[in-house]
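J.: Mind looking at a prediction? Sequence and model below.
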There are 4 protein chains.
Amino acid sequence: MENETKITEIGEVNLNNPIVIEGLPGIGFVGKIVVDQIVKHLNGEKFAELQSDYFPPQVTMKEDGLIEHMKMEFFYIKDFGENNQDIVLLTGNTQGSDFEGQIMISKVLMNYFEDLGSEKIFTIGGLGTGELSERSKVFVAGNNKDLIDEILEIDNTEVRKDEGGAIVGASGLLLYYAQQKGIDAACLMGETPGFYVDPSSAKEVLFVLFKLFGFELDFEELDEQIKVTNERLALNPKFNQNMVEHGVNQPGEDLRYIG
Amino acid sequence: MENETKITEIGEVNLNNPIVIEGLPGIGFVGKIVVDQIVKHLNGEKFAELQSDYFPPQVTMKEDGLIEHMKMEFFYIKDFGENNQDIVLLTGNTQGSDFEGQIMISKVLMNYFEDLGSEKIFTIGGLGTGELSERSKVFVAGNNKDLIDEILEIDNTEVRKDEGGAIVGASGLLLYYAQQKGIDAACLMGETPGFYVDPSSAKEVLFVLFKLFGFELDFEELDEQIKVTNERLALNPKFNQNMVEHGVNQPGEDLRYIG
Amino acid sequence: MENETKITEIGEVNLNNPIVIEGLPGIGFVGKIVVDQIVKHLNGEKFAELQSDYFPPQVTMKEDGLIEHMKMEFFYIKDFGENNQDIVLLTGNTQGSDFEGQIMISKVLMNYFEDLGSEKIFTIGGLGTGELSERSKVFVAGNNKDLIDEILEIDNTEVRKDEGGAIVGASGLLLYYAQQKGIDAACLMGETPGFYVDPSSAKEVLFVLFKLFGFELDFEELDEQIKVTNERLALNPKFNQNMVEHGVNQPGEDLRYIG
Amino acid sequence: MENETKITEIGEVNLNNPIVIEGLPGIGFVGKIVVDQIVKHLNGEKFAELQSDYFPPQVTMKEDGLIEHMKMEFFYIKDFGENNQDIVLLTGNTQGSDFEGQIMISKVLMNYFEDLGSEKIFTIGGLGTGELSERSKVFVAGNNKDLIDEILEIDNTEVRKDEGGAIVGASGLLLYYAQQKGIDAACLMGETPGFYVDPSSAKEVLFVLFKLFGFELDFEELDEQIKVTNERLALNPKFNQNMVEHGVNQPGEDLRYIG
């Protein structure tokens, strides 16, 4: 029996050179929060699903007892932002459970984005620092200097100064695979301690996306999550200390996320 | 040489839309105890065996020095319970030793259950809490709301409230693969600390199955196991404490089970 | 490129229903010491070598700077013991580096032993107890009750009483694969603390083999190794304590062996 | 989708029985520093690149925000050293991320070196000792006694006396695969504590290469790196102690290298 990774489309979809925004589970769940917020508040339409034998061998339970299988989901929004662009949003409840899986799934994703005629790709992630910060910066990397420079004109963005840092998983690989296909791609990384789900960091990334695409979101839900998170942090004075001792979360670890 | 997983049938078997009950080794060995008790006391007839190169590379030793290879075993009981249904019982002494193996074996199992004309699947497991409890609850999850609701009418059953908990291995994957084939399936999870073989939890799951199928079992052997387990726990006042510190057993760890 | 495991024969070999004795690196290096001693003192003739991409990706350095690749080696002795039987001895400097490798290599070994017309297989290993003992017992397991009983008539042999203990790797799998081919096979396990290379345990296994086959060995070299080992143990009063705390060596760990 | 490893040539290259010098990331980054220095100061020309799905699923970020994908790179220098030999230099920013990957990639490398008509191969690595030393020795191992002896005539070279030490990864496997193809190959291992990037050890290996090939390098940059490293070590009096406690770096661990 073959190890399968496949994308199933739900009905027909007609997209015009869409821009892709990827936000899968990862450090601080920054990418997933960002994309979930856009899908939810701007009514992203689900049009495809990716299933893979490289996902962890499990299902999760919903509050009503029904199960949820491991999957990545594709949504689209037509006429998005000030330039009325079509966008494709990728999120999911998992990533490949090992190195081979992350590579194979990213290749399948890239081929699909190419088939959709994607003209640009943004991957969203968290950059774990092990430290609390007043305001999360948004770090930028990419496969095209002009695209990087365009983003760097936006407030609170920066290039990570210590050379050699790695972007792990789909957020990193898609930049490289896009480069091989001549598609511009950049990664926006919200600075985050890395030890908890970080809606504040996601908010900062959203601000950058607002400027890039010219759109806005209702922040009521996200601000409520930020408030709850900050209250928990305040209750735990040793939290920051612990994070430094333990280092940041590594990709592949099991992080529970309530989206 | 290919990595093989195959099912070998012993003689012919003629089953009429059987209901499957799966109980493989897992947390607290709850599933395995449940199915072993039914097989033993209601004379389940072995009709097939699954062998796989995804099993751990080992044999175990029996008391007489003879070896036992790693395997899953299929038993049937005809005219079972108050509705005279055919049931298929799946147990074994192992599960797949890695993620890929658990997925590949679960697919082979599901295809076989479909070939047998199975009309419903129950998977049995333990839900590790890291805490001792007076009486183990039986948690329910499934791929069909009506089936979940039917089970929830039975005493001591409940849906796990914290969304996002995972059911790992065959007990989880079979629910999803059954869903893809249009077969209703539910998982019954006996609440268990997760750090020892837990016959009490298995007994609670059996009570739920009694109600579901209308049958009974002799509990003499199981009650003796419960007594021995409770005596050991009583001798170790720090036991509960330890469990909380160490967390519950993870799937894939080597748990010794005397069935 | 395929993941390869292959056996290369050196010249021609003509064996008459040989008996196989396997002693690969494992717990306490008991199996390897036993087979190395027989090969060395009874002039085993090397006739084949197994190479595999499942071995660790390394070479070792010999004292003269030349490298040694990872391999298993087949030797034969004709007219061995009181019954003038042909025997095949299998040893090596490694085992498969993961579960899949151990299974695939054991299958290749079993097929080869069958091709050689092997009529019986003995696998040799160590059984780690975590405790020092006055005299290492030799535990017996096998796929045939008569063979087990025959061995149990020899002094110092025993069946391991706690059901469920596992024999991991080639020593275990060969018993099972031999059973599938109708070949009798048994495993002799020298009791050993498991934390160091244990020539004393190997000597006890050799005594059992002397009785089984009717042969003898010069023990000068082995006794010297035993003396050195005992001196080291005597220098370290906490040794036994440490072993209990750390548990015994697990298969797959890197154990350095000077054969 | 297949797991791919492929070499892409950039333009045409015409080499005359080149000698290969391999220096991939590993213990103390000794091999990589050595080859990077030669490439940089003697104007090595890049002519090919190896890409593999066995590399870690990541990209790294450069100071300008542009990404760098995981790769191995081939450079050549024509008329190198006092014998005007063609040499091929192999370096990269990664090795295979698991055992299978290290084996498969080393096979691809060896086939390519054979296709290039290579007549000799030198692999460069670090030999981690866990201890600081006044001057790093250069240990030698190889598949040919004459080649080993030739190197041992150079000052500061030595054969590692404790039999059984392993050379892990491409530096070890290439020696063996070269042997299978009848190509002489040796590994030069700079002695290094193993816990930090060690330019001093690399310098000692370079001295040996100077004698072997009859060439020289400008050491200004390397001496600066050595100075910085020594200052850091001086600031940390417990450094040596720590290394002994933690043991040396294992291959496969993530070591950050600034080349």
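T.: Yes, it's here. Numbering: from 1, shown residues only, chains lettered A, B, ... in the order given.
J.: any idea where the helices of the stretch 51-200 of chain A begin and end?
T.: Applying DSSP state H, counting those that start in this stretch to the stretch 51-200 of chain A gives helices spanning A:99-115, A:145-152, A:170-180, A:199-213.
J.: Near chain C, which residues of chain A are found?
T.: Residues of chain A lying close to chain C (Cβ under 8 Å from any Cβ of the partner chain): none. In short, each C-beta sits where N, CA and C put it, glycine included.
J.: Let me have the helices of the stretch 51-200 of chain A in CSV, extended by mean neighbour count.
T.: Converted to CSV, these look like this (neighbours: other Cβ atoms under 10 Å in any protein chain shown):
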stretch, mean neighbour count
helix A:99-115, 21
helix A:145-152, 16
helix A:170-180, 24
helix A:199-213, 22
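J.: For D:Ile154, which of the ones you listed is the nearest?
T.: Counting by Cβ to Cβ, D:Ile154 lies closest to helix A:99-115 out of these; the figure is 40.0 Å.
J.: okay, that closest one in CSV with CA atoms only?
T.: Taking C-alpha atoms only, helix A:99-115 is exported to CSV below (Å, rounded to 0.1, in the frame of the first residue of the first chain):
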residue,chain,number,x,y,z
PHE,A,99,10.9,15.3,7.9
GLU,A,100,10.0,13.2,4.9
GLY,A,101,6.3,14.0,5.3
GLN,A,102,6.9,17.7,5.6
ILE,A,103,8.9,17.6,2.4
MET,A,104,6.4,15.5,0.4
ILE,A,105,3.4,17.5,1.6
SER,A,106,5.1,20.8,0.7
LYS,A,107,5.9,19.5,-2.8
VAL,A,108,2.2,18.6,-3.3
LEU,A,109,1.1,22.0,-2.0
MET,A,110,3.5,23.8,-4.3
ASN,A,111,2.4,21.8,-7.3
TYR,A,112,-1.2,22.7,-6.5
PHE,A,113,-0.5,26.4,-6.0
GLU,A,114,1.2,26.3,-9.4
ASP,A,115,-1.8,24.6,-11.0
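J.: List of residues touching that helix?
T.: Contact partners of helix A:99-115, identified using Cβ atoms under 8 Å, 6 or more residues apart in numbering or on different chains, comprise A:3, A:5-7, A:20, A:22, A:48, A:50, A:52, A:54-55, A:72, A:74, A:88, A:90, A:95-96, A:121, A:168-170, A:173-174, A:177-178, A:181, A:183, D:1, D:3, D:53, D:56-57, D:97-98.
J.: out of the residues you listed, which touch chain B?
T.: Checking those against chain B by Cβ under 8 Å from any Cβ, the ones in range are A:Asn3.
J.: What subset of the contacts of helix A:99-115 is buried?
T.: Applying 16 or more other Cβ atoms under 10 Å in any protein chain shown to the contacts of helix A:99-115, the neighbour count classes A:5, A:7, A:20, A:22, A:48, A:50, A:52, A:54-55, A:72, A:74, A:88, A:90, A:95-96, A:121, A:168-170, A:173-174, A:177-178, A:183, D:53, D:56-57, D:97-98 as buried.
J.: now, which of those lie within strands?
T.: If you go by DSSP state E, the buried ones among the contacts of helix A:99-115 have A:5, A:7, A:20, A:22, A:48, A:50, A:52, A:72, A:74, A:88, A:90, A:121, A:168 in strands.
J.: and of these, the nearest to C:Lys211?
T.: Distance to C:Lys211, by Cβ to Cβ, is smallest for A:Ser52 among these, at 56.4 Å.
J.: right, and A:Asp36 touches A:Leu24 too?
T.: No. Using Cβ atoms under 8 Å as the test, A:Asp36 is too far from A:Leu24 to be in contact (10.8 Å).
J.: can you list residues touching both of the two?
T.: Shared contacts of A:Asp36 and A:Leu24, defined by Cβ under 8 Å, 6+ apart, are found at A:Thr91.
J.: Compare neighbour counts for those two and give me the winner.
T.: Of the pair A:Asp36 and A:Leu24, A:Leu24 is the one with more neighbours under other Cβ atoms under 10 Å in any protein chain shown, namely 24 against 21.
J.: Let me know which of the helices of the stretch 51-200 of chain A is the nearest to D:Leu147.
T.: Smallest distance to D:Leu147 across these (Cβ to Cβ): 36.1 Å, for helix A:99-115.
J.: tell me how far the closest one is from the chain's mean position?
T.: When C-alpha coordinates are averaged (Cα atoms, centre = their mean, to the nearest Å), helix A:99-115 and its chain have centres 15 Å apart.
J.: what pLDDT does the closest residue to chain C within chain A get?
T.: Chain C sits closest to A:Asp98 of chain A, with a gap of 12.7 Å, by Cβ to the nearest Cβ. Looking at A:Asp98, its pLDDT is 95.
J.: quick one: it from A:Thr91, how far?
T.: Using Cβ to Cβ, to the nearest Å, A:Asp98 is found at 21 Å from A:Thr91.
J.: Equivalent analysis for A:Leu212, please.
T.: Counting by Cβ to Cβ, the gap from A:Leu212 to A:Thr91 is 18 Å.
J.: in the stretch 51-200 of chain A, what spans have low per-residue confidence?
T.: Along the stretch 51-200 of chain A, segments meeting pLDDT under 70 span A:163-164.
J.: Get me the contact residues on the stretch 1-150 of chain A for chain B.
T.: A:1, A:3, A:53, A:56-67, A:69, A:97-98.
J.: From what I see, A:Gly126 and A:Gly190 are in contact.
T.: Yes. Counting by Cβ under 8 Å, A:Gly190 is a contact partner of A:Gly126 at 5.3 Å.
J.: Mutual contacts of the two, please.
T.: Common contacts of A:Gly126 and A:Gly190 (Cβ under 8 Å, 6+ apart): A:28, A:30, A:198, A:201.
J.: Highest neighbour count among the residues you listed?
T.: Counting neighbours by other Cβ under 10 Å, the top entry in the shared contacts of A:Gly126 and A:Gly190 is A:Val30, with 34 neighbours.
J.: Now do the same contact list for that residue.
T.: For A:Val30, the contacting residues are A:23, A:124-126, A:189-190, A:192, A:198, A:201-202, A:205, by Cβ under 8 Å, 6+ apart.
J.: Doesn't it lie inside a helix?
T.: Yes. A:Val30 forms part of a helix when assessed by DSSP: H, G, I helix; E, B strand; the rest coil.
J.: What score does A:Val244 have for pLDDT?
T.: Here, the pLDDT recorded for A:Val244 equals 38.
J.: Next: A:Gly247.
T.: With respect to pLDDT, A:Gly247 has a value of 33.
J.: interface residues of chain A facing chain D?
T.: Residues of chain A lying near chain D by Cβ under 8 Å from any Cβ: A:5, A:96, A:99-100, A:102-104, A:106-108, A:140-143, A:145, A:148, A:152, A:159-161, A:163-169, A:172-173, A:175-176, A:179.
J.: now stretch A:96-103: how far from the chain's centre is it?
T.: Per Cα atoms, centre = their mean, the centroid offset for stretch A:96-103 relative to its chain is 17 Å.
J.: Please disregard the earlier target; I meant stretch A:150-166.
T.: 17 Å.
J.: which parts of that stretch are buried?
T.: Within stretch A:150-166, judged by 16+ other Cβ under 10 Å, the buried ones are A:151, A:154, A:157, A:159-160, A:165-166.
J.: Determine which two of these are furthest apart.
T.: Using Cβ to Cβ, the buried residues of stretch A:150-166 span at most 23.8 Å, a distance reached by A:Ile154 and A:Ala166.
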